[in-house]
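Novice: all I have is the shape, not the residue letters:
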């Protein structure tokens, strides 16, 4: 079958896995793969970190509408742009290789591109004597480029100046341009600034399916109208919204806020982050309002006083078709008498679970003890302080259907409960720990994909050892293969 017969969405997905150095070679392969590479290169325009490179890209998008059509995700932090330094404009553009619209070959355009790179290097190192011209302010550059961003599907806006009354003219322009196409929206801002970043009436994102609202904690006094502005905005998308995330850890009773949200016709995924308090009961009511439709449930409670969670009734949550659960470990362990039966009730349909925060081996035993032997859990993610052979030996029979395991740890525990730091890259695992792992009976486990990390470091050696003990493992880090770096 010709590669051109595959749908463009398939090639977009494939290109997202291609490393940058490989992606660059596609520019000179042929016209088809040139388009694939360019679409991947410009799929995201991130203005959260202002730099000269961002200025070059904005110049390219402003001057060439075809580049704007390639951008699907747009991230912006207005306060960084408004107060950022003026960017020096080069007497040439480095936004992209010249597009092959004049009949000349790809080698010519590639050569032109590298000449531009050389000129940029000379300018940055001040070896180019050509005096630069002062450019427009960054905000004007954004306005000029924004008119060509007519294919945006994912839009995120971050405003980190609490209570700022400053206006950003291009925010309103953005809603007028992006409104018809946005499907995924993220807003991060202080409560007082929320009205300044949402679309003004009568603009409405008619195709919005995913909404994430993040309001950072603040000691500023909250007026009744502040929360009403947020709830009214969320409610305006009741007919279309499918996934909703609300993170508000305010020192305020949020009970009335969740009561006012009402019912969403198509909502099947809810993530809530909230402080403990009276609002927890209304959060349960909000869950149950959509119980029959809910497939994913996320509950992160900012735990300050564990006793307050005794009033959180897991038994009252009615989500009979739940397939995915995200929850912090402290919420589970605060009251196993409530959380345990809830897990037992949903384990027949639950296929994925993510546990945030450290969970001890003893608490993990309690958690898995509530799951029936016929549970359907295929994906599990959690954080433990120590890895020991007994951990995997206990999990294997309790999770017979598990296919993917994501584990974060800070060390390993070998015989006689001696804590051992994980060795640095290039150093082997302790022989005693390796022998303990080889002695456990987990060869029949059907686990196929694993990811084990220490903070941001991938523990290749531990994954290789586990793959040796579990023959079914055929993938590290969801890559579909078990290749490892030369030195790990």
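Specialist: Structure's in. What do you need? Being a predicted model, the structure only gives us computed values, none of them experimental. Numbers count the residues shown, from 1 in each chain.

Novice: what helix or strand is residue 471 on?
Specialist: No secondary structure element spans residue 471, as it lies outside all helices and strands (assigned by DSSP states H and E).

Novice: confirm for me that it is in contact with residue 443.
Specialist: Yes - under the criterion of C-beta atoms under 8 Å, residue 471 makes contact with residue 443 at 6.2 Å. Where C-beta positions appear, they are placed from N, C-alpha and C, glycine not excepted.

Novice: pLDDT below threshold where in this structure?
Specialist: For the chain, the stretches flagged by pLDDT under 70 are 1-4, 82-136, 161-167, 219-220, 224, 303-311, 413-421, 486-488.

Novice: let's see 50
Specialist: Along the chain, the parts satisfying pLDDT under 50 run over 84-110, 113, 120, 123-124, 126-129, 131-134, 305-307, 310, 416.

Novice: pretty sure residue 74 is in a strand, no?
Specialist: Yes - using DSSP: H, G, I helix; E, B strand; the rest coil, the secondary structure at residue 74 is a strand.

Novice: list the contacts for it?
Specialist: The neighbourhood of residue 74, defined by C-beta atoms under 8 Å, 6 or more residues apart in numbering, consists of 44-45, 47, 149, 152, 154-156, 174, 178.

Novice: again, 7 Å this time
Specialist: With C-beta atoms under 7 Å, 6 or more residues apart in numbering as the criterion, the residues that contact residue 74 are 45, 149, 152, 155.

Novice: what's across from it in the sheet?
Specialist: Beta bridges link residue 74 to residue 45, residue 155 when assigned by DSSP bridges.

Novice: and if you look at residue 300?
Specialist: When bridges are taken as DSSP bridges, the partners of residue 300 come out as residue 273.

Novice: neighbours around it, how many?
Specialist: Counted with other C-beta atoms under 10 Å, residues neighbouring residue 300 total 18.

Novice: and the gap between it and residue 472?
Specialist: Here the criterion is C-beta to C-beta, to the nearest Å. By it, residue 300 lies 32 Å from residue 472.

Novice: and residue 315, by the same measure?
Specialist: Remark: distance between residue 315 and residue 472 (C-beta to C-beta) = 36 Å.

Novice: try residue 453
Specialist: Computed as C-beta to C-beta, the residue 453 to residue 472 distance reads 21 Å.

Novice: with residue 22 instead?
Specialist: Taken as C-beta to C-beta, the span from residue 22 to residue 472 is 30 Å.

Novice: show me which of the two is the more surrounded one.
Specialist: Applying other C-beta under 10 Å to residue 22 and residue 472 shows that residue 472 carries more neighbours, namely 14 against 11.

Novice: verify the contact between the more buried one and residue 444 for me.
Specialist: No - in this structure, residue 472 sits apart from residue 444 without contact. The criterion is C-beta atoms under 7 Å, and the distance is 8.5 Å.

Novice: quick one: contacts for residue 440?
Specialist: Listed by C-beta under 7 Å, 6+ apart, the contact partners of residue 440 are 389, 392-393, 469.

Novice: again, only this time at 10 Å
Specialist: Residues touching residue 440, when contacts are defined by C-beta atoms under 10 Å, 6 or more residues apart in numbering, comprise 388-394, 396, 469-470.

Novice: same deal with residue 242?
Specialist: For residue 242, the contact set (C-beta under 10 Å, 6+ apart) comprises 183, 208-211, 264-269, 293, 295.

Novice: for it, which non-adjacent residue is spatially closest?
Specialist: residue 209 (4.6 Å; C-beta to C-beta, 6 or more residues apart in numbering).

Novice: count the residues that sit near the one you found.
Specialist: 17.

Novice: now it: phi and psi?
Specialist: As for residue 209, its main-chain torsions (degrees, to the nearest 10) stand at phi -120, psi -30.

Novice: my read: it touches residue 265, true?
Specialist: No - look at residue 209 against residue 265 with C-beta atoms under 10 Å: they stay out of range, at 12.0 Å.

Novice: what sits in contact with each of the two?
Specialist: Overlap between the contact sets of residue 209 and residue 265, as judged by C-beta under 10 Å, 6+ apart, is given by 240-242.

Novice: so residue 78 touches residue 156, yeah?
Specialist: No - with contact taken as C-beta under 10 Å, residue 78 and residue 156 are classed as non-touching, separated by 11.8 Å.

Novice: okay if I get the shared contacts of residue 209 and residue 265 as a markdown table plus distance to residue 437 and secondary structure?
Specialist: As requested, those are arranged in a markdown table below (distance: C-beta to C-beta, whole Å; DSSP: H, G, I helix; E, B strand; the rest coil):
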| residue | distance to residue 437 | secondary structure |
| --- | --- | --- |
| 240 | 50 | coil |
| 241 | 46 | coil |
| 242 | 43 | coil |
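
Novice: let's see which of the contacts of residue 440 end up in strands.
Specialist: residue 388 (DSSP state E).

Novice: ok, the contacts of residue 440 vs residue 69, which is closest?
Specialist: Proximity to residue 69 was ranked across the contacts of residue 440 by C-beta to C-beta; first place goes to residue 470, at 46.7 Å.

Novice: any idea how far that closest one lies from residue 43?
Specialist: Residue 470 sits at a distance of 36 Å from residue 43 (criterion: C-beta to C-beta).

Novice: please compute how far stretch 235-247 lies from its chain's middle.
Specialist: On the basis of C-alpha atoms, centre = their mean, to the nearest Å, stretch 235-247 is displaced by 18 Å from the centre of the chain it belongs to.

Novice: what residues of it count as buried?
Specialist: Buried positions in stretch 235-247, judged by neighbour count with 16 or more other C-beta atoms under 10 Å: 236-237, 240-247.

Novice: can you tell me the distance between the two ends of it?
Specialist: Using C-alpha to C-alpha, to the nearest Å, the end-to-end distance of stretch 235-247 comes out at 16 Å.

Novice: again with stretch 10-24
Specialist: 19 Å.

Novice: could you pull out the buried residues of it?
Specialist: Buried residues in stretch 10-24, counted by 16+ other C-beta under 10 Å: 11, 15, 23.

Novice: check contacts around the second one.
Specialist: This points to residue 15. Residue 15 sits next to 22-23, 26, 33, 36-41, 43 when contact means C-beta under 10 Å, 6+ apart.

Novice: sorry, back to before: out of residue 78 and residue 156, which sits in the more crowded spot?
Specialist: Between residue 78 and residue 156, counted using other C-beta under 10 Å, the more crowded position is residue 78 (27 against 18).

Novice: from residue 244, how far out is that one?
Specialist: Distance of residue 78 to residue 244, computed by C-beta to C-beta: 24 Å.

Novice: cool, and residue 338?
Specialist: Residue 338 sits 24 Å away from residue 244 when distances are taken as C-beta to C-beta.

Novice: where along the stretch 1-150 of the chain do the helices fall?
Specialist: Chain-ordered helices for the stretch 1-150 of the chain, with DSSP state H, counting those that start in this stretch as the definition, fall at 8-15, 20-25, 31-41, 52-63, 65-70, 78-82, 106-124, 138-146.

Novice: cool, thanks, signing off.
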